[in-house]
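[1] Show me how the following folds:
(2 chains)
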Amino acid sequence: MATTTDKAKYRQVKRLNLPEIEKEILAFWTENNIFDKSIEIRKGNEPFVFYEGPPSVNGKPGIHHVMGRTIKDLFCRYHSLKGKQVHRKAGWDTHGLPIELSVEKTLGITKEDIGKTLTVEEYNTKCREEALKYQALWGKITHQMGYWVDMDNPYVTFENEYIETLWWILKQFYDKGLLYKGYTIQPFSPAAGTGLSTHELNQPGAYQDVKDVSATAQFKVVRNEQSELLYEKVESSANVYFLAWTTTPWTLPSNTALAVGKNITYLQINTFNAYTFEPISVIIAKDLVGQYFNAENGELPLDSYEAGSKTVPYAIVGETTGAALEGCRYEQLLPYVQPDDGDAFKVVVGDFVTTESGTGIVHIAPSFGADDMMLAKKYGLGSLTLVDKQGRFVDAVTDFAGVPVKNYDNVPDKEYRAVDIDIVVKLKGENKLFKSEKYMHSYPHCWRTDKPIIYYPLDSWFVRTTEHKERMVELNKTINWKPAATGEGRFGNWLENLVDWNLSRSRFWGTPLPIWRTEDGSEEICIGSIDELAAKVDEAVVAGLMTDNPYYELKDGKRVRRADFDLHRPYIDRIVLVSSKGEPMQRESDLIDVWFDSGAMPYAQWHYPFENKEKFEENYPADFIAEGVDQTRGWFFTLHAIATMLFDQVSYKNVVSNGLLLDKNGVKMSKRLGNTVDPFEAIEKYGADANRWYMISNSQPWDNLRYDIDGVQEVQRKFFGTLFNTYSFFSLYANVDNFTYSEAEIPMNERPEIDQWVISMLHSLVKEVDGLYAEYEPTRATRLIQDFVTDHLSNWYVRLCRRRFWKSESNSDKLAAYQTLYQCLETVLQLMSPVSPFFPDFLYRNLNAATQRHEAESIHLTDFPIADESLIDKALEERMEMAQTICSMVLALRKNKDVNVNVRKPLQKILIPVLEEDKKLQLQKVEDLILSEINVKEVEYVSDTSGIVTKNIKPDFKKLGRKLGKKMKAVNIALQQFTQDDINQIETKGEYILDIEGEKIGINLDEVVISSDDIEGWLVNSMNGLTVALDVTITEDLRLEGFARELVSRLQRLRKEMDFELTDRIIVTFEEHPSLESVLEKFNQYISNEILADELQVAEKLTDATAIEVDGKTLEVKITRNIL
RNA sequence: AGGUAAGUAGCACAGCUUGGUUAGCGCAUCGCUCUGAUACAGCGAAGGUCAUUGGUUCGAGUCCAAUCUUACCUACCA
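    Here you go, the predicted model:
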């Protein structure tokens, strides 16, 4: 692709092909170990610690991974340029359910088959393969996208060393009493005898519509001080009851509490029980009264009731809130057994209580509902588990002992009588049932047995995170979250409501829980290292519980530790240890949550504390981590929790939580919808650089990004294309002029104004970009860089300075132009290199090859530019902005349909009204630039006294509004009616007294904004507080000059068409034409200079001539190369 | 259901912290122009009830409240 001529110092490339360039740069990086060098050269410097959140590589990488990794990469590269040493250790997450599921899918088996049709060993082997299935593909995308991370020495979560660190941490927790065995309420299938995962519940068909008997039970309020108010409203014979509704009456014997909504309004209603006809008084949510009572019956007097009548009168006698009911006691509904693990039979407040259905009072059975359990923990409520694992009532429930709570005995549907019905009948008889009816609802079923599941308390191991909750909240406040809202809100709020971390997972492929127990649970041991385990096994061998120790082997007659053991199941389950009493201890069969694996990576990646103690200490805590916002409660939490509990400190100081990548319509990408984007294709098409730049510049990392490949193309065309053109322009002329930056630096104050301006802009840019990267605000940084490159550098500086480069004589002005442009290019490349690392390195290397200004062979080995404040001149930047505005306006005026004079035609004059002397001085400094850009001969500044300017006055709302308040409107109207005289008056006197409805109000000059909107008889334009008028009269002189310029333009085009070299001298011969005479006479020198002609001849008649059209006239012309 | 964020032109975004009267930029569309830097640029046109409703205020895209929609996380319902 490269077309390099022998003489050229700067490499020139005809067309921009980013993917090609990236391949070349990748090869260069690999051959020269640039990544390694970028770390080596910072040796001994302050480290910048980065943790790589391990991706699971059992799936193919997607385009969103490119997004996440670009964010990680760019800050690491930035800090590396800033002189820090930035190690980046890759890691792979290799445990967990997704891997097990894909193995099951590949082998066509289910969890049930493990250990039956397939040995656990085979299964284990399969998982090990599956876990790293796409590792190579991940390596490839990492490489191609330019993500620098050390993949030669990654941490892998299934390795023994990694697991050993996890065990060490668990043991620390165990010793601190942070690990305990409890239970959680989980979906459980009594028919299959197993717990189900959420994933299994989400299987299609799991939820089925079934008809169950629902009951609204009466819970009798205990009469005491708190409830006295309720009892005052009823007759002595009646009792007060809470009404609670349930679709699972079988849980009623296990009831231990009732929950109300704090802000829900409840009514007390006197009425009669429809089954026993006894007078009762019930409590129910106001919004639900209509569900239970017919409004008409509320009109009836209570004493009109006849026992057995369908018409039950009622009367509302009181109103209260849930908050007031909290703490009320009630009598146990079905007193078979009393709980012994806490308080019971009282009213508590639950946030989940609504008035959508039921009674607004929820029956709580902690053993059979997750919400119930949480509430029980919160209030220290006792619990009752009166159903066994077969789904049958225990013997203590005398009436129903042994009866299954659902149809687990395979009774034909028609004959099946649910125990719920019997419970309802019993309640009816005891005046404890208010209402019962059949209820259709969606209920989860076991996908294997098709039987209803129940929620049931199952053994689990927990980490007592709640004990360190306050500290976690506190430490979290020291972490810099991007965006802040995620840290304070999403994460912070969640920490506030933290519950203990359920570590247990009943699966096969994961880190085994290193706890062994005797059968009766009287003794248990937590193992913290492989050494410890091996030693314990020796004891077990001695005790005769194990035949040999699998962690040792005999080598050359010596007993040595084996290297090839595996800490996973099933091998670990074969280890039996011995208790102090000589009893066998079996391992608790659970695995631990995979999030514990990744949350422990700061320690486990170094096999701490068994190895690398120093390395760990140098690399802890992290300065920076980044992952998707969906990891907030995943990795971000586990890192934080483990660090707080282990070392009482944070494990990361800055965290960027990035948003998701959606397709261009804002829909989440999924294989099912077929709207995924293949990252390899995207990179192949437009390059990693364009993709990376697009992702970072298009939206803030934490906002969701709608990925649109057309947007990538736009970035490539607009930003990279412009930068490429700028470089091409520079290299083209620098090669011609042999500019290699070998001359002495021209002092800034000796360079032209425009050079000083662009350098000032450059240093302002460096300052801002540096700050933004440091604050983890990459999007704003990239937008600034892009604006600088396209608007300021290319479309202003280079465009205005073109002639300085291509004029033939060499002088300090030309040199200044080269040096200035070179500095801009070089600096901008450095600024953008963290985000898009390839193309800047390519250009940097091309530039540096010619100038050898830097020793660094890659831009990634250079130091980040430092902003030189002394070169920043805000006044200069401002006046250049004014110049740009004026040019814009004049170009628009030239375009005016009444005039339509193109820029090549010179015009005589522009008029700029300026009221302040200061502004005039500013404008005068950029006058030449303006005039040459818009091709106008002179500028005249007019002050207010000229009398040709029409002025406009407007209040400065910010100032006057504060001062006047309500009178603002009237003053505004008055100002609108100001005459030119009034405006002149306020301008000369500095103030004006208004008369608003008889009130005198003084207005100062600085409280109004006066603008010049019109100039009589001129073409006028206004923008940004500037006004410009254009004189469009074309004199003969102007016409001639315009003609000359048109002529030059046509001849230049001709040169190009004839493929002349830039430096070729030519001879031009015209055929005689009346319009040529005066032009050639007057502008001979000018034309010759412009087109590098040694001679302009006129001949009577030309053959082989080319016809060109200039200002509507056809001229015959011939160009020949002048070979001297 | 709860938590968190977002909603501004056909599309993608800025402006909101600190309220100020003509709401910007880019792309796309249409018209014109320039170019010895031909994957570039310039000028113009068209395109907006700033999600909706209400409030505070002399003045609201910006502050407050409610509602609707979207996304993520958590939970799963008597």
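
[2] Pull up the gap between A:L1102 and A:K1056, please.
    Separation of A:L1102 from A:K1056 (C-beta to C-beta, to the nearest Å): 21 Å. C-beta: built from backbone N, CA, C; applies to glycine.

[3] between the two, who's got more neighbours?
    A:L1102 (16 against 10; other C-beta atoms under 10 Å).

[4] dump the residue contacts of A:T1106.
    A:T1106 sits next to A:1054, A:1116-1119 when contact means C-beta atoms under 8 Å, 6 or more residues apart in numbering.

[5] Name the SS class of whichever residue of the stretch 851-1000 of chain A sits closest to RNA strand B, please.
    Relative to RNA strand B, the nearest point of the stretch 851-1000 of chain A is A:G961 (2.2 Å; C-beta to the nearest atom of the strand). Using DSSP: H, G, I helix; E, B strand; the rest coil, the structure places A:G961 in helix.

[6] just A:E437 next, same as before
    What three-state DSSP gives for A:E437 is strand.

[7] Also A:G528?
    The three-state label given to A:G528 by three-state DSSP is coil.

[8] Hmm, A:T165 and it touching each other?
    No - under the criterion of C-beta atoms under 8 Å, A:G528 makes no contact with A:T165, lying 9.9 Å away.

[9] who has more neighbours, those two?
    Per other C-beta under 10 Å, whichever of A:G528 and A:T165 has more neighbours is A:T165, with 26 against 19.

[10] host element of the more buried one?
    helix A:160-175 (DSSP states H and E).

[11] same for the helix or strand following that helix, what does it pack against?
    Sequence order places strand A:179-189 as the next helix or strand after helix A:160-175, per DSSP H and E. On a contact count with 3 or more C-beta pairs under 8 Å, 6 or more residues apart in numbering; DSSP states H and E, strand A:179-189 meets strand A:194-195, helix A:198-201, helix A:370-379, strand A:454-463.

[12] Quick check: which of those is nearest to RNA strand B?
    Closest to RNA strand B of the helices and strands packed on strand A:179-189 is helix A:370-379 (C-beta to the nearest atom of the strand; 3.2 Å).

[13] neighbouring contacts of the closest one?
    Helix A:370-379 has contacts (C-beta under 8 Å, 6+ apart) with A:184-185, A:256-257, A:259, A:342-343, A:348, A:350, A:352, A:364-367, A:381-383, A:455, A:457, A:499.

[14] can you do 6 Å?
    By C-beta atoms under 6 Å, 6 or more residues apart in numbering, the residues outside helix A:370-379 that reach it are A:185, A:348, A:350, A:352, A:364-366, A:383.

[15] swap in stretch A:594-602?
    A:54, A:93, A:95-96, A:157, A:166, A:169, A:511, A:620, A:634-635, A:638-639, A:642, A:651.

[16] domain assignment for chain A?
    Domain ranges of chain A: A:207-444, A:702-877, A:878-946, A:949-1015, A:1036-1121, per automatic domain parsing.

[17] would JSON lines of the ones you listed with distance to A:W516 and mean pLDDT be doable?
    Converted to JSON lines, the domains of chain A look like this (distance: least, C-beta to C-beta, whole Å; pLDDT from 0 to 100):
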{"stretch": "domain A:207-444", "distance to A:W516": "23", "mean pLDDT": "81"}
{"stretch": "domain A:702-877", "distance to A:W516": "45", "mean pLDDT": "91"}
{"stretch": "domain A:878-946", "distance to A:W516": "75", "mean pLDDT": "80"}
{"stretch": "domain A:949-1015", "distance to A:W516": "74", "mean pLDDT": "80"}
{"stretch": "domain A:1036-1121", "distance to A:W516": "84", "mean pLDDT": "83"}
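
[18] possible to save those as a markdown table with distance to A:K555?
    Supplementary listing: the domains of chain A in a markdown table, determined by distance: least, C-beta to C-beta, whole Å:
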| stretch | distance to A:K555 |
| --- | --- |
| domain A:207-444 | 48 |
| domain A:702-877 | 47 |
| domain A:878-946 | 79 |
| domain A:949-1015 | 86 |
| domain A:1036-1121 | 77 |
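
[19] and of those, who's closest to A:L1026?
    domain A:878-946 (5.4 Å; C-beta to C-beta).

[20] where's the closest one relative to the chain centroid, distance-wise?
    How far domain A:878-946 lies from its chain's middle: 46 Å, per C-alpha atoms, centre = their mean, to the nearest Å.

[21] cool, stretch A:786-801 as well?
    So, by C-alpha atoms, centre = their mean, the centroid of stretch A:786-801 is 32 Å from its chain's centroid.

[22] Which residues does that stretch contact?
    Residues from elsewhere that reach stretch A:786-801, judged by C-beta under 6 Å, 6+ apart: A:719, A:722-723, A:726, A:758, A:761, A:765, A:817, A:824, A:828.

[23] in that stretch, what's buried?
    For stretch A:786-801, burial by neighbour count (16 or more other C-beta atoms under 10 Å) applies to A:786, A:788-790, A:792-794, A:796-798, A:800-801.

[24] contacting residues around stretch A:209-229?
    A:231, A:239-247, A:249, A:328-331, A:333, A:420-421, A:424, A:432, A:434-440, A:442-443.

[25] Stretch A:646-663 now?
    For stretch A:646-663, contacts defined as C-beta under 6 Å, 6+ apart pick out A:64, A:67-68, A:71, A:475, A:479-482, A:486, A:602, A:621-626, A:628-629, A:639, A:643, A:668-669, A:675, A:701-707, A:776.
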